[in-house]
Structure formats: C-alpha cells, structure tokens
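Novice: sequence and predicted model, in that order:
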Amino acid sequence: MKVIVVGAGVVGTMHAWQAVERGHEVVHIEREAEARGASLRNFGQIWVSGRAGGEELDTALRARELWEDIGARVPALGFRAIGSLTPVRGALETAVAEAAVARPDAAARGYKLLTPAEARAVNPALRGAFDAALWCERDAAVEPRTAQLALREALLATGRYTFLPHREVREVVDARGSGSGAVRDDHGDTHTGDVVVLCTGAWLSGLVREIAGEIPVRRVRLQMMQTDPLGEPLTTSVADADSFRYYPAYASEALDALNAGQAQDPTAAAHKMQLLMVQRLDGGLTIGDTHEYEHPFAFDTLEDPYEHLTRVVESLLGRPLPRVRRRWAGVYAQCVDTSRVVHRQQVRDGVWLVTGPGGRGMTCSPAIAETTANELGW
C-alpha cells in the first residue's frame, strides 16, 4: 500500500510512522521546510494526568505505551518517564487532589497524594511552600522542537519513506472512483496513493474548507516561554492548582467548591491560565500557558501572563527564575466538543482528514494514528 500523508506535525508524522511500521510506502508532504506549528510550540508533555475518563484516558494511556516504545527505538526523541507533580495549598486545593486520588481510575493514572517532604524527595527543586502535591506517575516528556526531526530520520532509514518539504497541497484530485486518493501540490505535481491522510493541524481554511466545509473544530491560541538552564534538575513536570480548573479529570464537588470559594488571580482568570512546566534536555524550562478562543487572535504577546507565571514558578521553586530567553505564541486545533479526542472524517474517496486533538495532540498522536490505521485497514 502507498499512503500519502499531508502535514509533518506530530499527528502527520505518527500517521507516517504507523504506515511504515505496517510495511507500507509513505510519501509525506509538508508546506514548510519542516513543521512549524503547534507540534513544536508545546511542552513536549505526554500528559495522562488530566485526561477525562473513558476514550480520552484510554487513548492517552495507549499513546503513553507507544511513546515509550518509540522512544526506546529513537533515543533522539528524548523520551523521559518523569511523571508530574501538582503542588497544592490550602484546604480547597488539597480537597481537589484528594478527590482525584479517590477516582476509580486513579491507579491507571498513577495518582498519589504526597506530603511536601515526599514531593521534594521526588523533585528536590521544589523548595517553595506548599501543603501537599498530586503525583501522576504515568506522565512523561519528549523534546517537541526536535521530535519530528528524529522520527523523520528513523523513517528515512527504512527506505519506504519519502519526505517532500516546501510543497503546499492545493487540490484533492478526482481518482475516478477507484478508491484511491490523489492530491496536487503547488509545484503542479500529483501524488496518488491507496489512501491520503490530511493532518493539517490548525490550518482549517483553504483546502480544508473547500473539501470538508465548516468542520466542528476551532482554533486556540496560547502563549509560552523558555528560560536559560535552571542549573539543577527539575526531575518531574510541574503544574499548579489552576490546572485543576481546565482538565476534565479533576471534575468533582471539591472542584466546584474550589471554583466557588477561591477565585483565580485576575490575570490568570483573564487569560484562562494554568502553570505547566517541563525541563528541556539543555536544562532550560518550558513554561506556560494561556488560552484564547475568540477570533481574530492578537498578533502580539502580552507581558501580564508572563509576569504571573514567573511569580507562580518562583513561589514553587523558592528561588528566582532563570533569564527568559524565548517567548512565543502558538495556535492549535481543538474539537468544539472537547470530549472528542479527534475529528476524523472521510472527505473524498480515499481521502481522510484528521485534526482537532486540542491540547492533547502531543500526548495522544501515536494512538490517534494507530486508530486511523486500524479503521482504514492498513
């Protein structure tokens, strides 16, 4: 079988990976020199802890298994089974963590409520004051800026993979009812395969609108930053208690009480913020994030969210934050019905569109691609 994959972000790359793993030939088309969208502008977290139960958690757990397997075969991914800690302060935040640990699926997530001393034994860099910390053993991390490059090198080594950068797919070509799929790029070249998978991320206009119409997927903008090296290991990823407000796994009466009884910081509330923090292999910290849903998005980044994040991080580390060396904004695609893991739609004979994983694209992409491959009979 010959598979045409359009889009070299992590979702597209994982579809290419699944096809090659199953013995097929892949032609992978990307409009840039390499992916430059949400697949790079994220934390690199394999984030099981906050996922909703049912399909979403099952997908995340399966993806976590696949990431670990791929990471063992492609060490340049930088896969680390580091887990995560969410420090909490006060009775309201602690009650949400306790409710999470009491969930029927807590063991599958690796939840445990730690004392401050136990949390610092896991992550000694957390020298600030807190009352307890929610530990999630199943969380992990990879290097988002280089993961696709590492995967591509491994795919090229198979001899069944061709990467075509600097080509924007402009048209889905009629394959005359053969069941095959074909696309034409802006070089005028037509690429025909047994199936075409469009993994176009947050690019929802142009070709996607022409062939699929208005799909139930929206775009979300975020702001993030990265620091100079911390100078010591941050042995886990770290979240703050505001993350409880945004992830479905924490829904409970305790969360209702937190929302009613403890308002977010005004800046955090205005920008729908939480703290997520991961250390990169070079020692720097990736820190974020905000959420913006209303179009048109601003083209600039705002300082208030960064100042808020700096205060929160310094309160948990108990030390000044290293110099910030990068700030950026990113846009990702999210299903309007956020309980859906992904939007997967056949748009022509032999042509499928896969988009909208939301903030779980990096986490769930291996399992999303595996499901596509199974459903299409690869």
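Specialist: Cool, got the structure.
Novice: give me every residue that touches the nearest residue to residue 116 once chain neighbours are set aside.
Specialist: Distances taken as Cβ to Cβ, 6 or more residues apart in numbering place residue 130 nearest to residue 116, at 6.0 Å, with adjacent residues excluded. In this view, the C-beta of every residue, glycine as well, is placed from N, C-alpha and C. The contact partners of residue 130, by Cβ atoms under 8 Å, 6 or more residues apart in numbering, come to 87, 88, 89, 116, 119, 316.
Novice: how much space is there between residue 130 and residue 317?
Specialist: Separation of residue 130 from residue 317 (Cβ to Cβ, to the nearest Å) stands at 11 Å.
Novice: just the helices in the protein please.
Specialist: With DSSP state H as the criterion, the chain has helices at 10-21, 55-73, 90-101, 106-109, 116-122, 147-156, 207-212, 253-261, 266-270, 303-317, 361-375.
Novice: relative to helix 253-261, how tilted is the third one?
Specialist: In this case it means helix 90-101. Here helix 90-101 points in a direction 150 degrees away from that of helix 253-261 (axes from the mean of the first three to the mean of the last three Cα atoms, to 10 degrees).
Novice: identify all contacting residues around helix 90-101.
Specialist: For helix 90-101, contacts defined as Cβ under 8 Å, 6+ apart pick out 86, 88, 106, 111-113, 131-134, 241, 244, 249-250, 252-255, 257-258, 261-262.
Novice: okay, buried residues for stretch 351-369 please.
Specialist: Buried residues in stretch 351-369, counted by 16 or more other Cβ atoms under 10 Å: 351-369.
Novice: count of residues packed around residue 344?
Specialist: Using other Cβ atoms under 10 Å, residue 344 has 17 other residues around it.
Novice: mind pulling the model confidence for it?
Specialist: For residue 344, the model assigns a pLDDT of 98.
Novice: what sits closest to it if chain neighbours are left out?
Specialist: Residue nearest to residue 344 in three dimensions, not counting chain neighbours: residue 354, with 5.1 Å by Cβ to Cβ, 6+ apart.
Novice: how close does residue 34 sit to residue 360?
Specialist: To residue 360, residue 34 is 22 Å away according to Cβ to Cβ.
Novice: repeat for residue 119
Specialist: Separation of residue 119 from residue 360 (Cβ to Cβ): 25 Å.
Novice: so who does residue 300 touch?
Specialist: Going by Cβ under 8 Å, 6+ apart, the list of residues near residue 300 is empty.
Novice: with just CA atoms, put stretch 204-215 into PDB.
Specialist: Provided in PDB are the C-alpha atoms of stretch 204-215 (Å, rounded to 0.1, in the frame of the first residue of the first chain):
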ATOM      1  CA  LEU A 204      -8.600  24.900   8.700                       C
ATOM      2  CA  SER A 205      -9.200  27.300   5.800                       C
ATOM      3  CA  GLY A 206      -8.200  27.000   2.100                       C
ATOM      4  CA  LEU A 207      -8.100  23.400   1.000                       C
ATOM      5  CA  VAL A 208      -9.800  22.000   4.200                       C
ATOM      6  CA  ARG A 209     -12.700  24.300   3.900                       C
ATOM      7  CA  GLU A 210     -13.100  23.600   0.200                       C
ATOM      8  CA  ILE A 211     -13.300  19.800   0.600                       C
ATOM      9  CA  ALA A 212     -14.800  19.500   4.100                       C
ATOM     10  CA  GLY A 213     -16.800  22.700   4.600                       C
ATOM     11  CA  GLU A 214     -17.100  24.100   8.100                       C
ATOM     12  CA  ILE A 215     -16.000  21.300  10.400                       C
END
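Novice: buried sites along that stretch?
Specialist: In terms of neighbour count (16+ other Cβ under 10 Å), stretch 204-215 has its buried residues at 204, 207, 208, 211, 212, 215.
Novice: and the closest residue to the last one other than its chain neighbours, how many neighbours?
Specialist: Excluding the flanking residues, the one nearest residue 215 by Cβ to Cβ, 6+ apart is residue 343, at 6.0 Å. Using other Cβ under 10 Å, the number of residues around residue 343 comes to 20.
Novice: wait, doesn't residue 343 sit right on residue 335?
Specialist: Yes. In this structure residue 343 lies within contact range of residue 335 using Cβ atoms under 8 Å: 5.4 Å.
Novice: burial count for residue 253?
Specialist: Residue 253 has 10 nearby residues by other Cβ under 10 Å.
Novice: how confident was the prediction at the closest residue to it other than its chain neighbours?
Specialist: In space, and not counting its chain neighbours, residue 253 is closest to residue 99: 7.4 Å by Cβ to Cβ, 6+ apart. Looking at residue 99, its pLDDT is 98.
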